[in-house]
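>>> After the sequence you'll find the predicted model.
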Amino acid sequence: MTPARLIIRAIRRPGSIIHPFQRPVLLRLGGQRFNTTESHERPATTATATTSQKKQVRLTAESYPNIKRDSRFAKLTSEDVAHFSSICPVLSAESDDIEAFNTDWMRKYRGQTRLVLKPKSTADVSEILKYSNSRSLAVVPQGGNTGLVGGSVPIYDEIVISMNSMNNIRSFDPVSGILVCDAGVVLETADNYLADQGHIFPLDLGAKGSCHVGGNVATNAGGLRLLRYGSLHGTVLGVEAVLPDGTILDDLSTLRKNNTGYDLKQLFIGSEGTIGVITAVSIICPQRPSAQNVALFGVNTFEKVQETFIRAKRELGEILSAFELMDDTSQRCVAQVTGKKRPLDGEETKFYVLIETSGSNKEHDDEKLEKFLMALMEDETIADGVLAQDETQARNLWSWREGIPEVCGHWGGVYKYDVSIPLKELYSLVEDVKARFIEYGLLGEGEAVVDVVGYGHMGDSNLHLNVPVRSYDKRVEEVLEPFVYEWIQKRRGSISAEHGLGVAKREYVQYSRGETELSVMRSLKNHFDPKGIMNPYKYIKT
Amino acid sequence: MTSLRILVPIKRVIDYAVKPRVNATKTAVTTSGVKMSMNPFDELSIEESVRLRERHKGAVADILAFSAGPAKAADTLRTAMAMGADRALLVELDEKRAGESDLEPLAVAKLLKEVVNGEGCNMVICGKQSIDDDSGQTGQMLAGLLGWGQATQAAKVEVQGDEVLVTKEVDGGEEVVRVKLPAVVTTDLRLNEPRYATLPNIMKAKKKPMEKKTLADFNVEFKKRLETVEVIEPPPRQGGGKVDSVDGLISRLKELGAI
Ligand SMILES: Cc1cc2nc3c(=O)[nH]c(=O)nc-3n(C[C@H](O)[C@H](O)[C@H](O)COP(=O)(O)OP(=O)(O)OC[C@H]3O[C@@H](n4cnc5c(N)ncnc54)[C@H](O)[C@@H]3O)c2cc1C
Ligand SMILES: Cc1cc2nc3c(=O)[nH]c(=O)nc-3n(C[C@H](O)[C@H](O)[C@H](O)COP(=O)(O)OP(=O)(O)OC[C@H]3O[C@@H](n4cnc5c(N)ncnc54)[C@H](O)[C@@H]3O)c2cc1C
């Protein structure tokens, strides 16, 4: 690499100039705030809230006083520790610093475990669970600990089962594209391995440098490529899991089709560690696209955004790989906080859309995309737009989408909701919430609320509603909740589109799920985990 | 102010976000199947020409983007026109013919001299180097061949009457040079922030004229003077090690002879 190339990379990269080689992992967020600390004054709500000063993270048990330690669970004894030590390496609070396993990535939740287990094999996990179950010791499976709803850390003294040491790629078949790997393989490691073979992991998200493939499956993560490659419910072909009593469930099929009975692996996708520990995953991976394009454009009304989306699907078809929506407020926030020059310098529009195409033939894709964009310009469906001419411009354009979650925390804190809403009304929630803040006199210069921001994976009907605030305020929370949840419920949306339930959303499931559904879920949970030792106090109330 | 006819030379290179790989025979860097884009210094040159036009209404009569390269370099020239160049000239090189695949700086400078004379340009704004070969010679050679003044590594360009004031960043501060037109100016990284190609401008660029020529159209001798002995990857970075304590760090540094 030539020196000039290095310098240019350092200077031109979106965001920082510090690490010229590393992909800006932390810039690729799916809708959250990070590296920040919860303020002590703030009462617990489901919205992610952050302040800039770095303090000790508050104990989850204190933020959620209604969650009491379940007395059915045994307390850890030195005999237990000795037994676990005979199975696999352990870290204990007495001799090691285990704070990182107790605290979540947002620094919003903190548990009180005294013991972390690091199994190296499925057999180790089986031994661990068999013993824990017999002793009624509660456990929390932990992957890369990047989950955003507090599911990956204990609340009380649950033992952490860290999957970090189970990180082997077991097999890859270049003909079918099927990858089999341990649950603890880091997503980026898996993707790099696949890249060398001309394939791509069908999931991409901001936390890729830390999150585990097993954790992705356990949370049914959505991310940036869902529009193109579909959800993990379609791409995951098999799961190997250990049930709470230590039984190994080997459903690690590498078959695309297998209609021989109930599809058990599906239950583990999105189960958030509540019915067993996922130890390995088999997943079908597509060919890696060799050509990519990114365009960003301004659109004046939400009707026109929808029209653009329909036409993108029709005219770009198989090469469309992202369709991201950002409102004017979100872009003003990014510009204000980062000080960067906006890509479109004409008159501001209400909405901005980022489109990405991925295909196998550059000329073909360029032609298709240009034709599509020119047609939209000509009939004035879109007001203005830019097309990245090189990779760095493409990344810079992405930073106007991916930088939103972080900048929203700039003023002191932010309330965040990750919701699914039928497409037609996707943006109305933002308008309605804003109108309420105005009505209650909470929005504006010197008021608690800075503004109301909407953006998200439009292609998946997934909206991120963010309310940047100057300080946390009970009045703001009262305007937001339960209003937001009731609003979603009325439209049969989801109160948690891609981040799951964990501790954060377990109180609110009923806004998206009926009593019958919940009771079937409870009996499933009870069937798999009669003693309730798997990731207790989370997901749904049992 | 002198009416400016600006020539901006442009090179199509491996995209600067892509990590180049050396070919199996260690004679060059692999370009097939690799994303190619405009040399970033050339983006700066185009941007600066367009800004000169915007700053001095009516003073810039012509911005000509020039490239000697493969047929695909036409795309790069279209980008230049979408950014604001008025027209383009492509000298299409036949990659298969020996000597045409990789023109040396002197050959490029000679070509540019012919273009300058043929098109009546009085200012050349070019990158101080291209990020594939890092030769950093073309601008200077061109000025020499033309007998023009030159101002290299521009961090700021101001045109005043028939003179150009160029600020360059040097060790410990800034140096301002004044050069009389006609002149060659080479651009440095902090000169400006190149604009995106907007959709309306991409559309307009499609209609702007692009002339195509070959080396045979020029009365220039393209003899190779340089021989590439070998191309190798930089040595991989050594991984870091951990030490247990401050004392451990000190003794390790001593071991390495660093203190
Ligand atoms: C910057 C950033 C961007 C993100 N972007 C997106 C996004 O775009 N889309 C999206 O959907 N999500 C996103 N997320 C959240 C996402 O859900 C997680 O990053 C990831 O999927 C969780 O993987 P993990 O290995 O970190 O799991 P953890 O956080 O460790 O665990 C998450 C949950 O899964 C359980 N679990 C983990 N591993 C196992 C296992 N082997 N067996 C059983 N249960 C297990 C845990 O108990 C916990 O309940 C983002 C997070 C961050 C920090
Ligand atoms: C010419 C032909 C070609 C075929 N090609 C294919 C093929 O390419 N790929 C493939 O996968 N299959 C194929 N099949 C088989 C395929 O499974 C069936 O055609 C179809 O999916 C079954 O639909 P059906 O409504 O006829 O169900 P039925 O035959 O009526 O029922 C099939 C099963 O589903 C149950 N069932 C039906 N309806 C319901 C309901 N509403 N709720 C609960 N249970 C229900 C029944 O109890 C039964 O167990 C083919 C069959 C034929 C005759």
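Sure thing, it's come through. Numbering: from 1, shown residues only, chains lettered A, B, ... in the order given. Ligands and ions are numbered 1, 2, ... in the order given.

>>> low pLDDT regions in the chain?
Picking chain A for this. A:1-3, A:6, A:8-55 (pLDDT under 70).

>>> Let me rephrase: I mean chain B.
Residues of chain B meeting the criterion pLDDT under 70: B:98-99.

>>> mind running it again at 90?
B:1-2, B:17-21, B:23-24, B:27-35, B:94-103, B:132-134, B:219-228, B:233-245, B:248, B:256-259 (pLDDT under 90).

>>> in it, what residue is nearest ligand 1?
Nearest residue of chain B to ligand 1: B:Ala17, at 21.0 Å (Cβ to the nearest ligand atom). No exception for glycine: its C-beta is placed from N, CA and C like everyone else's.

>>> Report how many residues lie close to that residue.
Using other Cβ atoms under 10 Å in any protein chain shown, B:Ala17 has 18 neighbouring residues.

>>> wait, it sits on A:Gln389?
No: using Cβ atoms under 8 Å, B:Ala17 makes no contact with A:Gln389, being 12.0 Å away.

>>> Please work out how many residues are found near B:Lys254.
Neighbours of B:Lys254 under the rule other Cβ under 10 Å: 10.

>>> Look up how far A:Ala218 lies from it.
48 Å (Cβ to Cβ, to the nearest Å).

>>> ok, is stretch A:89-107 in contact with chain B or not?
No: judged by Cβ under 8 Å from any Cβ of the partner chain, stretch A:89-107 stays clear of chain B, getting no closer than 13.9 Å.

>>> buried set for that stretch?
The neighbour-count check on stretch A:89-107 (16 or more other Cβ atoms under 10 Å in any protein chain shown) flags A:Val90, A:Leu91, A:Ser92, A:Ala93, A:Ile98, A:Phe101, A:Asn102, A:Thr103, A:Asp104, A:Trp105, A:Met106, A:Arg107 as buried.

>>> Need the max-distance pair from these.
Greatest spacing in the buried residues of stretch A:89-107, by Cβ to Cβ: A:Val90 and A:Met106 (26.5 Å).

>>> can you list the domains in chain A?
A:74-162, A:169-284, A:291-405, A:409-510 (the TED database).

>>> now those domains in JSON lines, with distance to B:Leu89?
Shown next, in JSON lines, are the domains of chain A (distance: least, Cβ to Cβ, whole Å):
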{"stretch": "domain A:74-162", "distance to B:Leu89": "52"}
{"stretch": "domain A:169-284", "distance to B:Leu89": "38"}
{"stretch": "domain A:291-405", "distance to B:Leu89": "19"}
{"stretch": "domain A:409-510", "distance to B:Leu89": "42"}
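
>>> before we move on, back to that, intersect the buried residues of stretch A:89-107 with the contacts of ligand 1.
A:Trp105 (Cβ under 6 Å from any ligand atom).

>>> any chance of the buried residues of stretch A:89-107 in TSV, plus distance to A:Asp345 and secondary structure?
TSV is the format used below for these (distance: Cβ to Cβ, whole Å; DSSP: H, G, I helix; E, B strand; the rest coil):
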residue	distance to A:Asp345	secondary structure
A:Val90	58	strand
A:Leu91	53	strand
A:Ser92	58	strand
A:Ala93	55	coil
A:Ile98	51	coil
A:Phe101	47	helix
A:Asn102	47	helix
A:Thr103	42	strand
A:Asp104	40	coil
A:Trp105	36	coil
A:Met106	35	coil
A:Arg107	37	coil
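
>>> which stretches of the stretch 101-250 of chain B form strands?
Here the stretch 101-250 of chain B has its strands, by DSSP state E, counting those that start in this stretch, at B:123-127, B:149-154, B:156-160, B:163-170, B:173-180, B:183-187, B:197-198, B:210-213.

>>> re earlier: with adjacent residues omitted, what lies nearest to the residue of chain B closest to ligand 1?
Using Cβ to Cβ, 6 or more residues apart in numbering or on different chains and skipping the chain neighbours, the partner closest in space to B:Ala17 is A:Glu391 (3.5 Å).
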